[in-house]
Every structure is written in C-alpha cells, then in structure tokens.
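Enquirer: Dropping the sequence and predicted coords here.
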Amino acid sequence: MSKTKVTENDYLYLSAALRAREHRMLGRDKIERMLEAESFGEAARILADCGYPDVSEMGADEVEAALAVRRAELLNEIGRIAPEQQLVDAFRLKYDYHNAKALIKAEKSKADIQGILSSCGRVSPEKIKSAFESGDYRDLPPALAEAMKEAAGILARTGNPQLADFFLDKAYFAELLSLCEGLSGGFLKEYVKLQIDIANLRAAVRTLRMGRDENFLKTALIPGGNVRPESLAAAATAEEGISRLFSSSILAEAASAGEEAAKGGSITKFEICCDNAEMRFIKLAKFKGFGSEPVVSYLAAVENEITCARMILTGKLAGIKPELIRERLRETYA
C-alpha cells in the first residue's frame, strides 16, 4: 500500500501552534530591553520571559550549554509532530556535519573537542565518535558515513584540514538538498539554495581577502545554489566583480558589501548583510497561513534568536557596551 502524500493541510495544527508562539519570540523591543538592562541577571530574566531557562546565575559556558539544550528540546518537540520528518532533519543535519568536522580535525591535532560537540543532530555525538574511532560506520546515515570516510582520507593524504572541510561542506549541502526532494512544499529547497549562495559568497570574499587565485576558490565553492560556482569563480577575479551576479536577488546588498570587504573593507558589515538577507527570505513565510513554510521559518528564526541571545548575554558577562553589541546583532524574525 502506497504512503499517502503529505499536503499543506497536514500542517494545520503545527502551523497554528508555532504561529501562536511567535509573539513570545525575542523581537527588537525585547532585544533593546536586554541590551539596556543594568545587569546580566536582568537581561537573562527578560530572555526567560521568552520561554528560555533562567540563566541569570550562570557563567558563559553554562549559558552556552543552556541555549544548546533549548535548541535540542525544540527540535525534538517539533520533530515528534511534524508531518514530514526530513523537514526537521534538515535543521539537525548541520550539527552532524559539525561533529564530523570536529572529530576528523581533532584526530590530527589531538585537541580536546568534547566541549564543542553538539547533541542537536540526527545522531548523537557519542555514536559519531564511536563510528569514527572504530572505523565502523554502519550505524550512521549512509551519506554522512561516506562523507566522513572520504574526508578522513583527504586529511590523511594531504595533511590539509581545509580540504577536508571543503569536502564535508559539499557533502552537507548535497544531503540537505536531497532531504528537500519529495517534500510537500518548495520553500525549504529555495531556502537551502539561498544558504548555498551565501556560503559561496563568503568563500569568494575570504579567497579574495587572502589573495588566493580562482583555482583555489573553485575548490571551495558548493554546487546547487542559484548562482553557478563557475560563474562566481570567474566573476570574483574579473574587473566587473561579484555584485553583478546578485544584483537582482535578495543578496544584492550582501554582494556589494562583500566586494568592499574583499578589498579590505568591513568583514563584519558583510557578514551581517548575509545573515540579514537570510532572515528577510525567511520572513516571506509570514504571508503563508499554514503548510511547511511556517515550520521552516520558525526553526530558522529560533536559530537566529539563539545567536542573538548568546551575543547579548556573553557580551553582558564580558562587560561590553550595549552599543558595541547592538552593532553586531542581526535582524530578528519577530
């Protein structure tokens, strides 16, 4: 008996539930209150009003751990009720590949990475670590297993962790795109293609700032986005520059800032423009009442929210002035 195809109607309950939560998210007004709070504890209590645990008595490492727990709990909760599991897996996937990168590079450097492994992936970090150390990858998702074996081989042959990273980045986005196939809506796939464009734009800017050539850039670029890697690699070293490739897209401002950064301008401004373009794309889902779009937008918004919360709280703990923290914050969803 064939499986019934999921439609946007199957998302009615989850869409409504997540829309109801949006008013509690960390919007600009709450961010300003956190920034202007007289103490770290006061800022932490404002965040607690958004549904986060009370971290007012915690240090920086404990705050980081508490935010990671919050992310994991939300992914687990939504994963249990989402009509299409691969939609939530798409947000877990990067943590699997993050753990893979950390383990493979630590093998060579002998660094202690236990504190940076994430429990937000599809697979526990312990299982990935065990598979890597034993060489038995049968319990891992096939694409991840193959990517880890190949990346480890690249590092062993070349001694270059950057090349292993490049390979894992390509494998991550290839698997991410495959998760989008067969979903009830096309919003996630378009979001992933935008993420690839942003990753490639960042790679181009870094390459130019380092003074590396087109061949090096081609090694770093990822296929599958809206702009072909070959076109971007050629434009990066051409007189016209990279901004013309994105002039009619949501990344127009980011590409322009990227050209400035490539010539020695502000890399922070460029990074913020990239993140803001991603958030503006996510906000397009606000016009859709139900379906997979509200779920994708909520999960992406939570990632951005956690990043903002971390920047504010760790900045408060470090005694950084509010105006300096504010300059580095991204646009919010709420």
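Expert: Ah, there it is.
Enquirer: Strands of the stretch 51-200 of the chain, residue ranges please.
Expert: Shown for the stretch 51-200 of the chain, no strands are assigned by DSSP state E, counting those that start in this stretch.
Enquirer: Where does the prediction get shaky in it?
Expert: For the stretch 51-200 of the chain, applying pLDDT under 70 flags the ranges 109-110.
Enquirer: Spell out which residues sit in contact with the nearest residue to residue 82 once chain neighbours are set aside, please.
Expert: In space, and not counting its chain neighbours, residue 82 is closest to residue 88: 5.1 Å by C-beta to C-beta, 6 or more residues apart in numbering. (Each C-beta comes from the backbone N, C-alpha and C, glycine too.) Residue 88 makes contact with 75, 78, 79, 82, 295, 299 under the criterion C-beta atoms under 8 Å, 6 or more residues apart in numbering.
Enquirer: Closest one of the residues you listed to residue 282?
Expert: residue 299 (9.4 Å; C-beta to C-beta).
Enquirer: Can you show me the helices along the stretch 1-150 of the chain?
Expert: All helices of the stretch 1-150 of the chain, identified by DSSP state H, counting those that start in this stretch, fall at 12-21, 28-36, 40-48, 60-81, 85-109, 125-134, 142-158.
Enquirer: how about TSV for those helices, with distance to residue 6 added?
Expert: Formatted as TSV, these follow (distance: least, C-beta to C-beta, whole Å):
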stretch	distance to residue 6
helix 12-21	12
helix 28-36	35
helix 40-48	35
helix 60-81	13
helix 85-109	10
helix 125-134	28
helix 142-158	22
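Enquirer: Go through those and name the closest to residue 306.
Expert: helix 60-81 (5.2 Å).
Enquirer: now that closest one, how far from the centre of its chain.
Expert: Offset of helix 60-81 from its chain centre (C-alpha atoms, centre = their mean, to the nearest Å): 15 Å.
Enquirer: Now do the contacts for the closest residue in space to residue 102 that isn't next to it in sequence.
Expert: Excluding the flanking residues, the one nearest residue 102 by C-beta to C-beta, 6+ apart is residue 113, at 4.6 Å. Each residue near residue 113 by C-beta under 8 Å, 6+ apart is listed here: 102, 103, 106.
Enquirer: What distance do you get for the nearest residue to residue 143 once chain neighbours are set aside to residue 164?
Expert: Of all residues not flanking residue 143 in the chain, residue 175 sits nearest, at 4.5 Å (C-beta to C-beta, 6+ apart). Applying C-beta to C-beta, to the nearest Å, the value for residue 175 to residue 164 is 16 Å.
Enquirer: Please say which of those two ends up with more neighbours.
Expert: residue 164 (26 against 20; other C-beta atoms under 10 Å).
Enquirer: Toward the C-terminus from the strand or helix carrying residue 273, list the very next helix or strand.
Expert: In the assignment (DSSP states H and E), residue 273 maps to helix 267-283. Sequence-wise, the next helix or strand downstream of helix 267-283 (DSSP H and E) is helix 292-317.
Enquirer: tilt between that next one and helix 12-21?
Expert: 30 degrees (axes from the mean of the first three to the mean of the last three C-alpha atoms, to 10 degrees).
Enquirer: list the helices and strands helix 292-317 packs on?
Expert: Packed against helix 292-317 by the contact rule (3 or more C-beta pairs under 8 Å, 6 or more residues apart in numbering; DSSP states H and E) you find helix 12-21, helix 28-36, helix 40-48, helix 60-81, helix 85-109, helix 187-210, helix 267-283, helix 322-328.
Enquirer: closest one to residue 228 among these?
Expert: Closest among the helices and strands packed on helix 292-317, using C-beta to C-beta: helix 187-210, at 9.6 Å.
Enquirer: Packing partners of the closest one?
Expert: Helix 187-210 packs on helix 85-109, helix 161-180, helix 214-220, helix 229-236, helix 252-262, helix 267-283, helix 292-317, going by 3+ C-beta pairs under 8 Å, 6+ apart.
Enquirer: Contact partners for the closest residue to residue 207 other than its chain neighbours?
Expert: By the measure of C-beta to C-beta, 6+ apart, the closest residue to residue 207 outside its immediate chain neighbours is residue 217, 4.4 Å from it. Residues near residue 217 by C-beta under 8 Å, 6+ apart: 203, 204, 207, 232, 233, 236, 237.
Enquirer: Apply 7 Å and report the result again.
Expert: Contacts for residue 217 were tallied using C-beta atoms under 7 Å, 6 or more residues apart in numbering; they are 203, 204, 207, 233, 236.
Enquirer: Which one of the helices of the stretch 1-150 of the chain lies nearest to residue 286?
Expert: Using C-beta to C-beta, these put helix 12-21 closest to residue 286, at 9.1 Å.
Enquirer: Averaged pLDDT, that closest one. What do you get?
Expert: The average pLDDT within helix 12-21 is 91.
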